[in-house]
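In: predicted model and sequence follow; I will ask about them next.
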Number of protein chains: 2
Amino acid sequence: MSMKDTIKRIKALDERAMKIARERQDNLTKPRRSLGSLEDLSIKIAGIMGNPTPRIKDKVIITMAGDHGVAEEGVSAFPKEVTAQMIFNFLSGGAGINVLARHVGARVVVVDMGVAVDIKDEALVTKKIAYGTANMAKRPAMTVEDATRSIEAGIEVLELEVEKGMDIVGVGDMGIGNTTPSSAIAAVITGEAVSEVTGRGTGLDDEALEQKINVIEEAIRVNKPNKGDTIDVLAKVGGFELGGMAGVMLAAASRRIPVVLDGFISGAAALIAYELAPAVRDYMIAAHRSVERGHSVILDYIGLKPLLDLDMRLGEGTGAALGISIVDAACKILTEMKTFKEAGVSEEL
Amino acid sequence: MSMKDTIKRIKALDERAMKIARERQDNLTKPRRSLGSLEDLSIKIAGIMGNPTPRIKDKVIITMAGDHGVAEEGVSAFPKEVTAQMIFNFLSGGAGINVLARHVGARVVVVDMGVAVDIKDEALVTKKIAYGTANMAKRPAMTVEDATRSIEAGIEVLELEVEKGMDIVGVGDMGIGNTTPSSAIAAVITGEAVSEVTGRGTGLDDEALEQKINVIEEAIRVNKPNKGDTIDVLAKVGGFELGGMAGVMLAAASRRIPVVLDGFISGAAALIAYELAPAVRDYMIAAHRSVERGHSVILDYIGLKPLLDLDMRLGEGTGAALGISIVDAACKILTEMKTFKEAGVSEEL
């Protein structure tokens, strides 16, 4: 489906389902509101799904990978070939996201959105827009057409996976250098200074961090992304996996499927989706607060409160996996706990 | 086993296992320290178990119940009979702890440490010290002998459950009125003002909260618990389930089993255990920060940082259940992720 049509299908939350869910929460055998965020979360999911007793069975994490021309500016602590190497690691089940996805009972869908080399593996979803972006410090990362194509590729991935069963989706990333476009997007869209939204990524020292900030400032100076034109921002200082992730988010919202955000890169993609369609926010759950500087700025801008704060900054969807488990727990509380009446327990005096 | 012998068996963490676990974490396919608290947690568990590749299979939550004479002072929003009614709810699987324990794959052991009525059910572990404590606002909650007996009953429960398999244990509570003795214990042991460690429990209004603070201050004035004599504190302003939970914690530490604390009441029991044997702290994991006022004071006093902050205050072990899942995830990261060498991924530049 086109980006425009997908956005048009994003509706408001189902207030009626939420009201019924709230009433049920208030009658379960516990002091009212004593399960805090779990209660709120269950009601949000009821509103998203349009179902006052939502169940989460099929859990999916979509991990999108891309390479970045800007990596040649020395903005990452790891060499560029790690993007492709990590895809093999994902496909063989040995990466962090595989471990945490298994832990929470989610399947992982790995997508090549624009890795610099060809990877042949039947478990890999290939939506390669190009062999990595151009170096945004010198020119636009991609064309406007490719920016839209990356979003629509993400929409396609989501649509295909929905067919296999999907009650919730987490959105993760892999791409050496991708905190750099993410910081650029965050700076342009939120209006914060680059230095306020740029962190150490995979582990830069002070000198390299300063170089990274300079590169991002240069990219913004050279390209002049137009904050009011989100596709322009994605094209000039974005990345293919960032566009793809935004597409997944939009498509999930259009299908009334809750979208669990991961960390900083997932947050930058969420900024793109949110600017394109503010209603997508209601379908988003922020799994955790990354230690990557700038993530809190993004969450505040969109208006999301993260569930977890475990000093994580790996990406891949690892935080989203843990978040999905919390959402699942919240829905089980709503659907499986007995009411005072059902359990024969006296109510508040 | 006696309390004294149990305490004698609590040893320091295994530094060698922790060193090997740290080295492994640093070689896994992720930027170093990028999984934050999960990494630290996995290393702590390695030290607790004395195993650099710890696995968590058998998960147990021990939920201990007791009644409180002080409930007659109007310190709870719920009637006293709810303690027993909730035990039936636990046994039939309809309470919050049942739902969350199922979610994380833990078995729930429900223990009657001193409920005011007799409950016959073969799934219930009965260690009834008495039919509820005395009203601590007027006299000691229990005798010194019963305080020790409650701790040793907790030790017995843990020892028995270990035989059935136990890699980790969460410690929860049920007892109408039990935030009142918990606040009293917290005030006496940490030295904080009663008003600083007393919250709304199941949902008191301002007036009832003030009454509760007065009752606790009165209990401390009447009984003069001796901070330097932990059993005296437990006897004068404690509860049977609080003693039992402290016993579970001591016994778990003596067996090198990680103990996951729940919220405020679990924290008050942890204070008792910690004062009796400071080494128990290294075996404790604080699952979450309760909204109940005073919980943070307890965690700071013991020196524990909570994993989760989800505005929960239900008790029963519900927070501990979610915490157990995080600990399990942390251990899986350590044991199941591939190293750079195993996965053929290039290391940091």
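Out: Here it is on my side, so go on.
In: give me the pLDDT for residue A:1.
Out: According to the prediction, residue A:1 has pLDDT 89.
In: once you drop chain neighbours, what's closest to it?
Out: Closest residue to residue A:1 apart from its sequence neighbours, by Cβ to Cβ, 6 or more residues apart in numbering or on different chains: residue A:155 at 5.8 Å. No exception for glycine: its C-beta is placed from N, CA and C like everyone else's.
In: count of residues packed around the residue of the stretch 101-250 of chain A found nearest chain B?
Out: Closest approach between the stretch 101-250 of chain A and chain B, counting by Cβ to the nearest Cβ: residue A:202, at 4.0 Å. Using other Cβ atoms under 10 Å in any protein chain shown, residue A:202 has 23 other residues around it.
In: ok, it touching residue B:29?
Out: No - between residue A:202 and residue B:29 there is no contact under Cβ atoms under 8 Å: 11.7 Å.
In: re the thing from before, secondary structure of the residue nearest to residue A:1: a strand, I assume?
Out: No - counting by DSSP: H, G, I helix; E, B strand; the rest coil, residue A:155 is not part of a strand but helix.
In: what residues does the stretch 101-250 of chain A have near chain B?
Out: Within the stretch 101-250 of chain A, the residues that sit near chain B (Cβ under 8 Å from any Cβ of the partner chain) are A:102-103, A:201-203.
In: can you tell me which helices and strands the strand or helix carrying residue A:152 packs against?
Out: Assigned by DSSP states H and E, residue A:152 belongs to helix A:144-163. Helices and strands touching helix A:144-163, by 3 or more Cβ pairs under 8 Å, 6 or more residues apart in numbering or on different chains; DSSP states H and E, are helix A:3-8, strand A:59-66, strand A:106-114, helix A:230-237, helix A:240-254.
In: burial measure for residue A:303, as a count.
Out: Neighbours around residue A:303, by other Cβ under 10 Å: 12.
In: ok so, going back, show the buried residues in the residues of the stretch 101-250 of chain A next to chain B.
Out: Listed as buried from those are A:102-103, A:201-203; burial here means 16 or more other Cβ atoms under 10 Å in any protein chain shown.
In: coming back round to it: what about the closest residue to the residue of the stretch 101-250 of chain A closest to chain B other than its chain neighbours, distance to residue B:39?
Out: Closest residue in space to residue A:202, ignoring its immediate chain neighbours: residue B:31 at 4.0 Å, by Cβ to Cβ, 6+ apart. Residue B:31 sits 11 Å away from residue B:39, going by Cβ to Cβ, to the nearest Å.
In: so for these two, which residue has more residues nearby?
Out: residue B:39 (25 against 18).
In: OK, contacts around that one?
Out: Residue B:39 makes contact with B:25, B:33, B:330, B:333-334 under the criterion Cβ atoms under 8 Å, 6 or more residues apart in numbering or on different chains.
In: and residue A:250, by the same measure?
Out: When contacts are counted by Cβ under 8 Å, 6+ apart, residue A:250 is found next to A:3, A:6-7, A:10, A:151, A:154-155, A:273, A:276-277, A:280.
In: low-scoring pLDDT stretches of chain A, where are they?
Out: Applying pLDDT under 70 to chain A flags no residue at all.
In: mind checking which of the contacts of residue A:250 are buried?
Out: The neighbour-count criterion (16+ other Cβ under 10 Å) marks A:3, A:6-7, A:10, A:151, A:154-155, A:273, A:276-277, A:280 among the contacts of residue A:250 as buried.
In: that older thread, with respect to burial, which of the helices and strands packed on helix A:144-163 scores highest?
Out: Stretch with highest mean neighbour count among those: helix A:240-254 (a mean of 32; mean count of other Cβ atoms under 10 Å in any protein chain shown).
In: residues of stretch A:201-218 that come out buried?
Out: Residues of stretch A:201-218 classed as buried: A:201-204, A:208-209, A:212-218 (neighbour count, 16+ other Cβ under 10 Å).
In: is it possible to get TSV of these that adds distance to residue B:224?
Out: TSV is the format used below for those (distance: Cβ to Cβ, whole Å):
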residue	distance to residue B:224
A:201	58
A:202	58
A:203	56
A:204	58
A:208	61
A:209	58
A:212	62
A:213	61
A:214	66
A:215	67
A:216	64
A:217	66
A:218	70
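In: still on that earlier bit, can you lay out the contacts of residue B:39 as a markdown table showing secondary structure?
Out: Output for those, formatted as a markdown table (three-state DSSP):
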| residue | secondary structure |
| --- | --- |
| B:25 | helix |
| B:33 | coil |
| B:330 | helix |
| B:333 | helix |
| B:334 | helix |
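In: how about the stretch 51-200 of chain A: which residue is closest to chain B?
Out: Counting by Cβ to the nearest Cβ, the stretch 51-200 of chain A gets nearest chain B through residue A:94, at 3.2 Å.
In: one step back: could you list which of the residues of the stretch 101-250 of chain A next to chain B belong to helices?
Out: When DSSP state H is applied, these are split such that A:102-103 fall in helices.
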